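A.B. asks: heads up, no residue letters with this:
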């Protein structure tokens with residue numbers, strides 16, 4: 001079950017949902033908008049061998065905006081810290097930006113119970129598109145769970161507040177050590 005406007009607002013007020021900073025004007029009928037922060041990471045060397053750490057160029061973009069190039073992968077983070085111990089967040093893009101050719105959260109749209117942080121966003125443009133820091137770039141929905149929910153995510157992407165590049169190479173390092 002997905003929470004509606006009033007369900008999200010009530011659960012923010014009672015502490016079951018964490019969005020900080022929170023602005024009630026960003027609530028929608030069944031989601032809450034989130035904004036992109038001031039830093040982008042641009043994947044700098046394709047193709048990437050998953051056994052090696054990816055390299056990214058760091059871009060601090062200004063209020064003048066930044067034009068995303070087609071067929072490049074960018075990472076950014078949400079301005080807001082988002083999460084819940086009770087509901088599962090799902091971050092998706094805004095329809096209006098998708099209609100301009102911006103794909104957001106291509107593969108990692110589902111959050112985990114208990115994770116509360118700024119989320120890493122995956123961005124890919126099919127044509128040049130200018131984005132601006134602090135613009136509403138996506139929306140988050142909150143889903144109720146079924147069954148025991150005592151397990152919490154404690155992985156390599158837990159508790160960070162900047163865009164986090166892929167760390168899949170760590171899985172190969174662990175395998176090599178065993």
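C.D. replies: Yes, it's here. Note that the structure is predicted; figures quoted are calculated from it, not measured.
A.B. asks: give me the nearest residue to residue 145, chain neighbours excluded.
C.D. replies: residue 88 (6.1 Å; Cβ to Cβ, 6 or more residues apart in numbering). Heads up, the C-betas are built off the backbone N, CA and C, glycines and all.
A.B. asks: surely that neighbour meets residue 114?
C.D. replies: No - counting by Cβ atoms under 8 Å, residue 114 is not a contact partner of residue 88; they are 10.1 Å apart.
A.B. asks: sorry, back to before: and for the residue nearest to residue 145, the neighbour number?
C.D. replies: 17 (other Cβ atoms under 10 Å).
A.B. asks: partner residues bridging it?
C.D. replies: Beta-bridge pairing of residue 88 under DSSP bridges involves residue 143.
A.B. asks: now do the same contact list for it.
C.D. replies: 110-113, 142-145 (Cβ atoms under 8 Å, 6 or more residues apart in numbering).
A.B. asks: the same query, at a cut-off of 7 Å, please.
C.D. replies: 110-111, 113, 143, 145 (Cβ atoms under 7 Å, 6 or more residues apart in numbering).
A.B. asks: are any of the residues you listed buried, and which?
C.D. replies: Buried members of those, counted by 16 or more other Cβ atoms under 10 Å: 111, 113.
A.B. asks: now residue 103: closest residue in space that isn't a chain neighbour?
C.D. replies: That would be residue 124: by Cβ to Cβ, 6+ apart, it lies 4.5 Å from residue 103.
A.B. asks: go ahead and confirm the one you found touches residue 76.
C.D. replies: No - applying Cβ atoms under 7 Å as the test, residue 124 and residue 76 come out as separate, 11.7 Å apart.
A.B. asks: and the two? which has more neighbours close in?
C.D. replies: residue 76 (27 against 16).
A.B. asks: which of the helices or strands spans that one?
C.D. replies: strand 73-84 (DSSP states H and E).
A.B. asks: can you name every helix or strand that that strand contacts?
C.D. replies: Counting contacts by 3 or more Cβ pairs under 7 Å, 6 or more residues apart in numbering; DSSP states H and E, strand 73-84 is packed against strand 17-20, strand 32-43, strand 116-125.
A.B. asks: kindly recompute the last result at 8 Å.
C.D. replies: strand 17-20, strand 32-43, strand 88-93, strand 116-125, strand 136-143 (3 or more Cβ pairs under 8 Å, 6 or more residues apart in numbering; DSSP states H and E).
A.B. asks: let me have those in JSON lines, extended by mean pLDDT and distance to residue 53.
C.D. replies: What follows is these, written out as JSON lines (pLDDT from 0 to 100; distance: least, Cβ to Cβ, whole Å):
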{"stretch": "strand 17-20", "mean pLDDT": "97", "distance to residue 53": "31"}
{"stretch": "strand 32-43", "mean pLDDT": "93", "distance to residue 53": "12"}
{"stretch": "strand 88-93", "mean pLDDT": "93", "distance to residue 53": "25"}
{"stretch": "strand 116-125", "mean pLDDT": "91", "distance to residue 53": "16"}
{"stretch": "strand 136-143", "mean pLDDT": "96", "distance to residue 53": "27"}
